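Student: When you get a sec, could you give me coordinates for this:
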Amino acid sequence: MTFQITVQPSGHQFDCEAGETVLGAALRAGIGLPYGCKNGACGSCKGKIVAGSVEHKAHQQRALSEDEAGAGFSLFCCATTTADLVIEAREVAGSSDYPIRKMPARVAKLDKVAPDVIVMSLQLPANEALAYRAGQYIEFMLKDGKRRSYSMANAPSTLDAPLQVHIRYMAGGTFTEHVFNTMKERDILRFEGPLGTFFLREDSVKPIVLLASGTGFAPVKALVEHLLHLKSKRPVTLYWGGRRPLDLYMNELCEQWAAIVPNFRYVPVVSHALPEDHWSGRTGFVHAAVMHDLPDLSGYQVYACGAPVVVDSARRDYVQKCKLPADEFFADAFTTEADLAQP
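Tutor: Alright, predicted model coming up:
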């Protein structure tokens with residue numbers, strides 16, 4: 001059976017098949033609902049059911065609490081329906097401008113930039129290009145049918161060079177064990193993309209805070225390169241956090257940006273430096289450093305990427321304590337298989 005879903009306030013409508021998720025049907029129809037992980041872990045696709053009802057597949061309570069579900073909210077990436085629906089969601093303009101494609105790519109280079117981080121460069125087929133927005137991600141399609149998501153780390157304007165992704169080693173991880181231990185240059189991978197609604201809102205002139213933890217720097221790097229390509233004059237402050245200085249694996253690049261780019265400021269933050277690190281910079285949690293420097297975020301946009309705990313803490317504290325408008329917080333929480341396995 002086919003059911004009709006109406007989105008408020010836009011009035012856009014699309015069909016949803018029995019057993020299909022609301023988000024899946026929206027993407028198929030080219031409707032720009034916000035989303036991130038597509039696995040019920042990040043909460044980016046959260047919206048409200050105005051009329052009708054849904055059933056949810058397995059998801060994390062952190063992404064949709066019982067109180068939120070009781071108030072009519074839903075995770076559209078996990079929600080299925082057996083009747084027509086009216087939903088309330090903020091659509092993302094431009095998210096469906098580029099077609100989602102399945103493509104092969106050859107591993108051009110594996111560059112180990114930190115003990116647990118590899119920059120993988122991918123060469124696309126001759127005369128092929130992937131159209132995407134800086135900040136979006138691709139999903140590698142593994143042989144067992146599983147998928148792994150990684151953000152593009154370079155802006156679309158740099159695609160005369162290979163496509164890059166930043167991969168952090170996860171002990172026991174099916175894909176990362178392969179990347180770090182057995183993958184070789186010239187191996188062939190298949191991926192699908194572009195995906196996600198994390199990208200620069202170019203219709204704003206507000207100053208920007210970029211918040212990254214660990215390899216959450218990858219899409220942030222793409223955003224900075226895109227801003228440079230646009231010759232944007234918007235003030236930008238990048239806060240990049242890691243446990244130890246080695247986690248800031250492209251620190252010199254960020255320092256170069258700060259030295260040559262007008263209106264660009266870089267604040268590295270380390271939370272668990274050891275004496276042998278000789279770290280003399282900012283310490284503590286990276287999202288708290290933003291609050292210390294910018295207690296009033298009412299006139300800003302924030303783009304946050306990295307571990308779910310960092311993204312969730314930033315979203316909560318910036319809105320509740322720093323007056324950031326909730327609709328000016330854009331995020332991409334990097335969920336792992338371990339995150340998805342939590343209740």
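Student: what's the neighbour count on the closest residue to S204 other than its chain neighbours?
Tutor: Nearest residue to S204, sequence neighbours excluded (C-beta to C-beta, 6 or more residues apart in numbering): Q301, at 5.9 Å. Placement of C-beta: from N, CA and C, glycine included. By other C-beta atoms under 10 Å, the residues close to Q301 number 22.
Student: what pairs with Q301 across the strands?
Tutor: I208 (DSSP bridges).
Student: ok, it touching F330?
Tutor: Yes. If you go by C-beta atoms under 8 Å, Q301 and F330 touch, sitting 7.1 Å apart.
Student: Overlap of the contact sets of these two?
Tutor: Residues touching both Q301 and F330 by C-beta atoms under 8 Å, 6 or more residues apart in numbering: R201.
Student: roughly how far apart are the closest residue to P262 other than its chain neighbours and E202?
Tutor: Excluding the flanking residues, the one nearest P262 by C-beta to C-beta, 6+ apart is K233, at 7.5 Å. Separation of K233 from E202 (C-beta to C-beta, to the nearest Å): 13 Å.
Student: Identify the residues contacting the residue nearest to S204.
Tutor: For Q301, the contact set (C-beta under 8 Å, 6+ apart) comprises R201, S204, K206, P207, I208, V209, E328, F329, F330.
Student: where exactly do the helices run in the chain?
Tutor: Ranges of helices in the chain, per DSSP state H, are 22-28, 66-70, 174-181, 217-230, 251-260, 286-293, 308-321, 337-341.
Student: Could you give the number of residues near Q4?
Tutor: Neighbour tally, Q4, other C-beta under 10 Å: 13.
Student: now do S53
Tutor: Neighbours of S53 using other C-beta under 10 Å come to 12.
Student: That one against A83, yeah?
Tutor: Yes. Assessed by C-beta under 8 Å, S53 is found in contact with A83 at 7.1 Å.
Student: rewinding a little: nearest to D15, out of the helices of the chain?
Tutor: In terms of C-beta to C-beta, the element of those nearest to D15 is helix 22-28, at 6.6 Å.
Student: What helices and strands are in contact with the longest strand along the chain?
Tutor: Criterion DSSP state E: the longest strand present in the chain is strand 101-114. Using 3 or more C-beta pairs under 8 Å, 6 or more residues apart in numbering; DSSP states H and E, the elements in contact with strand 101-114 are strand 117-123, strand 188-195.
Student: Dump these to CSV, plus distance to V107, mean pLDDT and mean neighbour count.
Tutor: Converted to CSV, those look like this (distance: least, C-beta to C-beta, whole Å; pLDDT from 0 to 100; neighbours: other C-beta atoms under 10 Å):
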stretch, distance to V107, mean pLDDT, mean neighbour count
strand 117-123, 6, 97, 20
strand 188-195, 7, 95, 18
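Student: V309: which of those is closest?
Tutor: Among those, strand 117-123 comes nearest to V309, with 19.3 Å by C-beta to C-beta.
Student: Direction included, what does that closest one pair up with?
Tutor: Strand 117-123 is paired, per DSSP bridges, with strand 101-114 (antiparallel), strand 163-168 (antiparallel).
Student: Pull it out as CSV, backbone CA atoms only.
Tutor: This file holds the C-alpha atoms of strand 117-123, laid out as CSV (Å, rounded to 0.1, in the frame of the first residue of the first chain):
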residue,chain,number,x,y,z
VAL,A,117,44.0,8.6,11.5
ILE,A,118,44.4,7.9,7.8
VAL,A,119,43.6,10.3,5.1
MET,A,120,42.2,8.2,2.2
SER,A,121,42.3,9.8,-1.3
LEU,A,122,39.9,8.3,-3.8
GLN,A,123,40.2,8.6,-7.6
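Student: hmm, who's touching it?
Tutor: Outside strand 117-123, the residues that reach it (C-beta under 8 Å, 6+ apart) are 105-113, 153, 161-169, 179-180, 189, 215, 249.
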